[in-house]
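# Dropping the sequence and predicted coords here.
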Amino acid sequence: MTKKINLLANLKSDFASGLVVFLVALPLCLGIALASGAPLFSGIISGIIGGIVVGYLSTSHLSVTGPAAGLTAIVLTAITDLGAFNIFLTAVLIAGLIQLTLGFLKAGTISNFFPNNVIEGMLAGIGVIIFLKQIPHAFGYDNDFEGDESFVQADGQNTFSELFAVLDHVQLGSVLITFISLVILISWNKIDFLKKIKLVPAALIAVIAGIVVNEIFIQTGSFLAVKENHLVRLPVPTTLEEFQSIIVLPDFTAFSNAKVWVVGATIAVVASIETLLCIEAADRMDAQKRYTDTNVELKAQGVGNMVSALLGGLPMTSVVVRTSANNAAGAKSKMSAIIHGFLLLISVLTIPVLLNKIPLATLAAVLLLVGYKLANPKTIKHFWKKDKIYQFIPFILTFVAVVLTDLLKGVALGMIVNIIFVLIGNAKRAYKFSREEYNEGDIIRIDLAQEVSFLNKAAIKATLKEIPENSRVIINAQDTVYIAHDVLDLIKEFKETRAKDENIKVKLKGFKKAYQLENSEENLNKVTFEHYYDVAKRKTLKREIKNSSLT
């Protein structure tokens, strides 16, 4: 049962995080539109719809939706092949309809089969990508578009060769602004009295400082002044005709074009996979360990893409970069994503000239810290200590492949390696998971089978999710010889977080020391006997009443 979310409960922290995501999303929306060969405002429209519409409809607390770098190659090719942007918008409309259908068909449940080591490897890989890709922008070399996540870039460089190219294009003003921004961002979390200022995020102060410093350089005629091509470049409509031209409608006659349906289906499949991967990653980041309904998410994404297409926007997905920035900024609920969408809308309508004064070096500093947090070396150590074969190898291969190829190829490799390991190790393993129907107050007993792999994660996750508040649960692992780390993490998170929040008493029984889950020492025999005695009395009483009414 999904709990109703109070969007205003954490408004102070959600507004601050929404502001940070807005600052990060603005250049990403523009950069992805530029790389896709689409009108620049189409990226902004997609970001606004992704924040407001998808943010409202989604059940994810941290995920942020917008135009995705993973779709740029598809979009660029599609616009060229179809011959016009308005025909391409018809394909995006079809993609949204397909995603909506997938949501009703409950296709979102496939996300339960993404192993944790693959998701964590993907996050660490994206963290390295963000960090490496922002170094050129931090030094004032903006040849590659903002938001590019591919190893091989459109400009002929790759992630590593771009770093060497920076040496010939260092802009000292950008370096100085990056340094000042990093000092502000790091100090904000170190100095006690600054930590208490929750409403004003450090990223906003860094952006203001970057604008002020650069304006001083410009006014004094300094050689350090950061030029226009190193600033945010948002189109500024000067006439009513220019403003009206921003909204492009789909060409509805293109519905009869078979090519348009092929492009729509391709966008729907790729966007849905990227979204489900990001949702799993967002749930892993969530400190409160809340689960997102992925079927609802597919419906929300479908509606978002349909609305975006009708207004002239790019296709969208849930995006790891924005989601990571949202989590790092302290978001508590989906209100943060909604606020970021409204800020995009308001700012592009009212203060585009001011936004165009923001140095890309300042935003690079924000993303450098986001990348570092995602690629924290502690994660690598964690998987090394857990299991050097079944956990570490898929994790590290996913991590390296994401950095050297792209997100989807990296995850595909990690999944293949995991499946091979499961097939080798679990060739003769059977999994039985029983869940009896229960009445309020009953003790729920979950007996784990002899072998429990990550493929059983979906069933166990669904069962734990359905356990009501104020319940008593016994999870018995006495007969098991193998439990996947994904399942152990799920049980641990349930016991330590959700069970405490919802007054669920959990007893763990028979878990080995290697599982790093402490067995409960309390004896529930008396409780169990008294409980079932009461249940028996109630059933007997019901039977007597029924018999008396028949006579």
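Noted; the coordinates are in hand. Numbering: from 1, shown residues only.

# got a list of what Asp155 touches?
When contacts are counted by C-beta atoms under 8 Å, 6 or more residues apart in numbering, Asp155 touches 143-144. C-beta here means a position set from N, CA and C on the backbone, and glycine is covered the same way.

# Phi, psi for it please.
Backbone torsions of Asp155, given as degrees, to the nearest 10, read phi -90, psi 10.

# Just the pLDDT at it, thanks.
Looking at Asp155, its pLDDT stands at 79.

# Same question for the one 3 residues further on.
Here the pLDDT value assigned to Asn158 is 91.

# thinking it is in contact with Phe151, fair?
Yes - contact criterion C-beta atoms under 8 Å: Asn158 and Phe151 qualify, at 5.4 Å.

# who has more neighbours, those two?
Phe151 (18 against 13; other C-beta atoms under 10 Å).

# need the contact list for that one.
Taking C-beta under 8 Å, 6+ apart as the test, what Phe151 contacts is 158-159, 403-406.

# quick one: the nearest residue in space to Ile338 that is not next to it in sequence from Val370, how far?
Once flanking residues are discounted, Ile338 sits nearest to Gly55: 4.2 Å by C-beta to C-beta, 6 or more residues apart in numbering. Note on Gly55: its distance to Val370, by C-beta to C-beta, to the nearest Å, is 19 Å.

# same question, Thr266
30 Å.

# quick one, which of those two is more surrounded?
Higher neighbour count among Thr266 and Val370: Val370, with 25 against 17, using other C-beta under 10 Å.

# Report the contact partners of that one.
Val370 touches 24, 127, 130, 321, 324-325, 328, counting by C-beta under 8 Å, 6+ apart.

# Kindly indicate whether it is helix, strand or coil.
helix (DSSP: H, G, I helix; E, B strand; the rest coil).

# Okay, now the unreliable bits of this protein?
1-5, 198, 424-442, 520-551 (pLDDT under 70).

# before we move on, the earlier item: grab the two from the contacts of Val370 that are most spread out in space.
Greatest spatial distance in those: Val24 and Gly127, 14.3 Å, computed using C-beta to C-beta.

# Counting neighbours, go ahead and name the busier of these two.
Neighbour count, other C-beta under 10 Å: between Val24 and Gly127, Val24 has more, with 27 against 24.

# Export the contacts of Val370 as CSV, with columns for secondary structure and distance to Pro394.
Below are these laid out as CSV (DSSP: H, G, I helix; E, B strand; the rest coil; distance: C-beta to C-beta, whole Å):
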residue, secondary structure, distance to Pro394
Val24, helix, 30
Gly127, helix, 17
Ile130, helix, 22
Val321, helix, 23
Ser324, helix, 21
Ala325, helix, 27
Ala328, helix, 26
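
# just the residues you listed now: which is nearest Ala78?
Out of the contacts of Val370, the member with the shortest distance to Ala78 (by C-beta to C-beta) is Val321, at 22.7 Å.

# Which residues are in contact with the closest residue to the closest one other than its chain neighbours?
Residue nearest to Val321 in three dimensions, not counting chain neighbours: Ile130, with 6.2 Å by C-beta to C-beta, 6+ apart. Neighbouring residues of Ile130 by C-beta under 8 Å, 6+ apart: 321, 324, 367-368, 370-371, 374.

# Would you mind giving those as JSON lines with distance to His382 added?
Shown next, in JSON lines, are these (distance: C-beta to C-beta, whole Å):
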{"residue": "Val321", "distance to His382": "22"}
{"residue": "Ser324", "distance to His382": "18"}
{"residue": "Leu367", "distance to His382": "24"}
{"residue": "Leu368", "distance to His382": "23"}
{"residue": "Val370", "distance to His382": "20"}
{"residue": "Gly371", "distance to His382": "18"}
{"residue": "Leu374", "distance to His382": "14"}
